[in-house]
Structure formats: structure tokens, C-alpha cells
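*Asks:* Predicted model and sequence below, questions to follow.
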Amino acid sequence: MMIRALRLCVYPVVLALVAWMGNVPAVAQSSDVEIGAEVAKQVAEEIGLYEAPAPTEYIQAIGARQVRNLEDNPYTFEFHIVDQSEPNAFAVPGGWVYISRGLLVLANNEDELAGVIGHEITHVTERHSAQRQKRGVLSGILQIPGSIVGAVVNDDLGALINAPINAVGQISLASYSRGQEKEADRLGMRLAARSGYEPTALANILASLEQDGEMRSGESRTSSFSDSHPTTPDRVSDIHKEAEKIQRIAQAPIAADQRAFLDKLDGLWYDVNPAQGIFKGDRFYHPDMGFTVTFPAGWNTLNTPGYVAAYTDEQKAIALLGVAGNEEPSVYAKQFVERLREEHKASPLQDRAVDSGAWSGHYVTLEESAKRGGEPSYLHYLWARMQGTTYQLVAAGANRYRSALRATALSLRPLKESDWDAIAGLRVRVVEARQDENLAQLGERTGNHWLPAYTALINDLPEHQTLEAGTLVKIARQEKYRPGK
């Protein structure tokens, strides 16, 4: 969840891209850029960009080097790290290329990153057809009872509530065809080789991605590189055969050596990025914004760059918190009540100022009686002014959730000193092995969260072999989060 005004409507975008071989006509180029800009905006708002200068500048430099070696390029490329823990990479029309922080963690040298980036650049330049649309996160349609309450929620939350739920925090790219993947491999490898990189490195990271997926199979996962880039049993073999035809142009890497490469990755958050806020059970902490809120026990939770939310299994109640803006709470409340009366001919049950001791604010509630044997419904809107920011909580659902929704609203408060101990996560660190130490021993000594088998995969090392003194090893260590560090 980022610091920005609460956006209460999420609209789906379905991009039908037409395959076009050869030079890109000006009209098509303009269309690609227009479509890509909209998708890029959605990526930033719904997944989020990972703000870390060293790795970001690094992938930008790798991408820029390859763009300079394109034979024909009608686009202005941008390269970003997407704030996603799963190993992933994707491109959108017009030149936006994204690498997840999870893929950065998995990479073991610059050549591997260059192989993936070259592959994605090729998907852009060849205008491979794909339908990019947002994937549903909530599995159905929220059934908020009450014609007025349902309508009000629909007005404010749009597709998030009453339409088939569209992506919030996840963007899924439809799979490319085998032919498109093969072409992106072939042309991407040639581009990487012209830029000084080992073309077979693409096969290496594809193999690592496959193993990573197998090791993660028992864990919950969102989208990953393999979802939109399907592998085939002979794909790695094809890459090696193709590489035999390619002449690599010698050029020094951007990172001078392995230590310089790993320095770019040191400090990456591995799983959840605490800067975007984290859940500990039902309590949500946002360290950069300085607040915490507790959602009803057992509800499903969702955290995006724009807001944090919780909803019931049967999808008959939701509580969503975001930033309203800089106005006083009474201003937002007055506008809402006027709209309630004008558009729905309804008067609130309560419309008053409130002070929790932690914040001053204004809340509006609406109760709607059941019709035709249905269930009564309840709506609770709160605007809370805290530490110079006005937050907005939208809580609505069946009347039986009234106390839970109200409790969520009243749980909002600034962080206390005692809260900071709960704000932590797994962070990638680079450590040096001791002579004849194996990965299990190194992990125990350094507090490595990863099991030896996964540490071996992440570092492209034999699991049981002893190490030489000074061997650099990526580990994941639990660390407390502090803003700016």
C-alpha cells in the first residue's frame, strides 16, 4: 500500500494485440505506446514498483545496452523492477519491461538477467499478440445485501465489488504461443550476444525457474514467468542448439565481477516487502505511513499499492482502507451525505464527528431493512485524520457483520513503539563461506531461512559439497524493517 489518494474504482483493460512482422507502422507504434502507457500505469498502481536504486539502475543499464544493439527500434524502452516476490518478467506494448524482485534473487549472473531482458525486449519489438487482462483476485461476486447499500458500494468501489472481481494487485499475461516463445528465445539470444552476453545463459535461468516452481509448488503463489511463458520439454535443448549458431561479441559486463553483481542484490526483500505494509495475523501494519488497523478475525486479506482490504469467505462483507487526501474528514463526509441524499434519497443513520483518542474524524453509517425475506444491510464510512493524512475506511455488508465492521474502523491508530518489533521480513544478504563449510552449516551460522536445497538452487551450488573460504552465498535472513533503511 503506497501513500496516495484512495482510488475507489478499478476498471479492467483487455488488450488485444495484433501480431505484426517486420517494421512497425507509425499508426501501430502509436497505438502500442498508448495501450502500453495505460497498462504501465496499472502495473504501478496494482502491483507496485520496487523502489531500490542500485538494482533498478542495474537492470536499466543491462536493458539500455541491448536496446542500443537493436537493428530496428521504433520504441522508447523503460525497465523497472516490479514489487513481486515470485520470479517473473513481462513486457507490455510500447517498450515497458518488468523484472520482479523474485527473479533478481534467482539470477546468478548478469548474463542470465540479460537473457531474460533480451527475451522480453523481443516480445515488444515483434509485437507478439497476447491478451493482457487483469485476473480476478476475489473468486466471485460480492453479494452485499440491500438495494441502497449495494448501490452505494457499487458507486464507490466499482468493479471491485459488484462486477466479476477484476485484478487488484495482480496482472496476468496470457500465454504466448510456442512459436512466439521460440522466436523471442532466438532473437533475444542474438540480441544478448551482440551486447556481450553468453546466449546459453537464458537456458540456465529457465532451468532455475523450473526448479523454483517445483520447490514452491506447496506454497501459495500468484503469477510467475512460467504462467505467461510456457515451457516445453525441448525448449532448453533448442536454446543450446541455437546458441551454437550465434557469435558472441566480447564486451565487459556492467558488474565487474561476481561480488559486484551480488552487491546489486544484497538487501532485496525476498518475500513480503514491509515497505508496502504487512499482515501479522489479522492486524495490518504500514511502517512508512505510520498506522495499524485490525481486520475481523478469519477474513481474507488483500494488500495492494492503493489500499488494504479484507472480505468474508461468502463475500457478503468487505472492509477497505486507503488514503482519501488532505482535506478535513468533515469535508469528505459532507460530500458523501449529499450524494447519498441526492442519488439514493437516503438519510444516514449516523452522521457525526468522532475522536478515538488516536485520531479525529467523521463517520457516516447507513442501515437498510431487509426486503422480501433478505438480510438487513449495514454501511459504515469513516474518514480519520491522523498525522496530517486523512484515511478513508469503507465497510459494508450484511447486518450481522455490523460490530466487526465497526471494530475495524475503531482499531485504526498510529504505530506505537512496541509495534515495530512485529514489522520484519526476509531480506537477501550475501555472506562468505568458511573453509570446508557446507550449505547446511553456513545456514545455521548465518541465520539463513532457506533450506540447504533451496539455497543451492538460488546460488547454483551443489547442495552437499563443501565450500572454499570466501565463496559468496545469497541467504535470506529475518530482519526488522525501518523506513529508509
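*Replies:* Yep, it's here.
*Asks:* okay, CA-based contacts and neighbour counts for the rest of this
*Replies:* Fine.
*Asks:* Tell me how the chain divides into domains.
*Replies:* 15-135+170-265, 277-420, 425-480 (automatic domain parsing).
*Asks:* Next, format the ones you listed as TSV and append mean pLDDT, distance to residue 271 and mean neighbour count.
*Replies:* Listed next are those as TSV, based on pLDDT from 0 to 100; distance: least, CA to CA, whole Å; neighbours: other CA atoms under 10 Å:
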stretch	mean pLDDT	distance to residue 271	mean neighbour count
domain 15-135+170-265	83	5	19
domain 277-420	89	11	18
domain 425-480	97	6	18
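*Asks:* The residue nearest to residue 64 when sequence neighbours are not counted: what's it in contact with?
*Replies:* Once flanking residues are discounted, residue 64 sits nearest to residue 77: 7.9 Å by CA to CA, 6 or more residues apart in numbering. Residues near residue 77 by CA atoms under 8 Å, 6 or more residues apart in numbering: 64, 67, 94, 95, 96, 97.
*Asks:* And residue 367, by the same measure?
*Replies:* Taking CA under 8 Å, 6+ apart, one finds 149, 348, 349, 376, 377, 378, 379, 399 in contact with residue 367.
*Asks:* now swap in residue 293 and tell me
*Replies:* Counting by CA under 8 Å, 6+ apart, residue 293 has contacts 283, 284, 285, 408, 409, 411, 412, 413.
*Asks:* other SSEs contacting the helix or strand containing the fifth one?
*Replies:* Which is residue 409. If you go by DSSP states H and E, residue 409 is part of helix 402-411. Applying 3 or more CA pairs under 8 Å, 6 or more residues apart in numbering; DSSP states H and E, we find helix 402-411 packed against strand 291-294, strand 377-386, strand 389-398.
*Asks:* which residues does the nearest residue to residue 197 once chain neighbours are set aside contact?
*Replies:* In space, and not counting its chain neighbours, residue 197 is closest to residue 111: 5.3 Å by CA to CA, 6+ apart. By CA under 8 Å, 6+ apart, the contact set of residue 111 is 197, 198, 199, 201, 202.
*Asks:* out of the residues you listed, which one sits closest to residue 83?
*Replies:* The shortest gap between residue 83 and any of the contacts of residue 111 belongs to residue 202, at 22.3 Å (CA to CA).
*Asks:* Now the element after the helix or strand hosting residue 320, going C-ward?
*Replies:* Here residue 320 is covered by strand 317-325, with elements defined by DSSP H and E. Downstream of strand 317-325, the next assigned helix or strand under DSSP H and E is helix 329-344.
*Asks:* which residues sit against the next helix or strand along the chain from that next one?
*Replies:* Moving toward the C-terminus from helix 329-344, the next helix or strand (DSSP H and E) is strand 350-355. By CA under 8 Å, 6+ apart, the surrounding residues in contact with strand 350-355 are 330, 333, 360, 361, 362, 363, 364, 365, 366.
*Asks:* One more pass at 10 Å, please.
*Replies:* The set of residues external to strand 350-355 that reach it, using CA atoms under 10 Å, 6 or more residues apart in numbering, is 329-330, 333-334, 337, 360-367, 380-385, 410.
*Asks:* So which elements touch the helix or strand where residue 56 lies?
*Replies:* Counting by DSSP H and E, the element that carries residue 56 is helix 53-68. Counting contacts by 3 or more CA pairs under 10 Å, 6 or more residues apart in numbering; DSSP states H and E, helix 53-68 packs against strand 78-82, strand 96-100, helix 101-106, helix 110-125, helix 178-194, helix 258-265.
*Asks:* so it versus helix 258-265, what angle?
*Replies:* Orientation check (axes from the mean of the first three to the mean of the last three CA atoms, to 10 degrees): helix 53-68 against helix 258-265 gives 110 degrees.
*Asks:* Determine the angle, from 0 to 180 degrees, between helix 53-68 and helix 178-194.
*Replies:* Here the directions of helix 53-68 and helix 178-194 differ by 100 degrees (the same axes, to 10 degrees).
*Asks:* Put together TSV for the helices and strands packed on helix 402-411, with distance to residue 240 on each row.
*Replies:* As requested, the helices and strands packed on helix 402-411 are exported to TSV (distance: least, CA to CA, whole Å):
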stretch	distance to residue 240
strand 291-294	52
strand 377-386	58
strand 389-398	55
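*Asks:* Let me know which of the ones you listed is the nearest to residue 312.
*Replies:* strand 389-398 (9.4 Å).
*Asks:* Let me know the angle separating the closest one from helix 329-344.
*Replies:* 40 degrees.
*Asks:* and strand 389-398 with strand 317-325, angle?
*Replies:* 160 degrees.
*Asks:* and strand 389-398, which strands flank it?
*Replies:* Using DSSP bridges, the strands paired with strand 389-398 are strand 317-325 (antiparallel), strand 377-386 (antiparallel).
*Asks:* between the first one and helix 402-411, how many degrees?
*Replies:* Using the same axes, to 10 degrees, the interaxial angle of strand 317-325 with respect to helix 402-411 works out to 30 degrees.
*Asks:* Begin at 36, not 1, for the rest of this chat.
*Replies:* Will do, 36 is the new start, and the previous item becomes strand 352-360.
*Asks:* Need the residues that contact the helix or strand harbouring residue 276.
*Replies:* Using DSSP H and E, residue 276 maps to helix 270-278. Here helix 270-278 makes contact (CA under 10 Å, 6+ apart) with 213, 216-217, 220-221, 224-225, 228, 233-242, 267.
*Asks:* rerun that using 6 Å as the cut-off
*Replies:* Contacts to helix 270-278, defined as CA atoms under 6 Å, 6 or more residues apart in numbering, come from residues 234, 235, 238.
*Asks:* Now find how far off-centre that helix is within its chain.
*Replies:* Remark: helix 270-278 is offset 31 Å from the chain centroid, using CA atoms, centre = their mean, to the nearest Å.
*Asks:* same thing with stretch 106-119?
*Replies:* 18 Å.
*Asks:* Surely residue 296 touches residue 148?
*Replies:* No. Using CA atoms under 6 Å, residue 296 is not in contact with residue 148; the gap is 10.8 Å.
*Asks:* could you dump the helix holding residue 91 to PDB, C-alpha only?
*Replies:* Only the C-alpha atoms of helix 88-103 are listed here, as PDB (Å, rounded to 0.1, in the frame of the first residue of the first chain):
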ATOM      1  CA  PRO A  88      18.200   2.500  -6.600                       C
ATOM      2  CA  ALA A  89      21.100   0.000  -7.100                       C
ATOM      3  CA  PRO A  90      19.200  -2.900  -8.600                       C
ATOM      4  CA  THR A  91      16.900  -0.600 -10.600                       C
ATOM      5  CA  GLU A  92      19.800   1.200 -12.200                       C
ATOM      6  CA  TYR A  93      21.500  -2.100 -12.900                       C
ATOM      7  CA  ILE A  94      18.600  -3.600 -14.900                       C
ATOM      8  CA  GLN A  95      18.100  -0.300 -16.700                       C
ATOM      9  CA  ALA A  96      21.800  -0.400 -17.700                       C
ATOM     10  CA  ILE A  97      21.500  -4.000 -18.900                       C
ATOM     11  CA  GLY A  98      18.400  -3.100 -20.900                       C
ATOM     12  CA  ALA A  99      19.800   0.000 -22.300                       C
ATOM     13  CA  ARG A 100      22.900  -1.800 -23.600                       C
ATOM     14  CA  GLN A 101      20.700  -4.200 -25.500                       C
ATOM     15  CA  VAL A 102      18.300  -1.600 -26.900                       C
ATOM     16  CA  ARG A 103      21.400   0.100 -28.400                       C
END
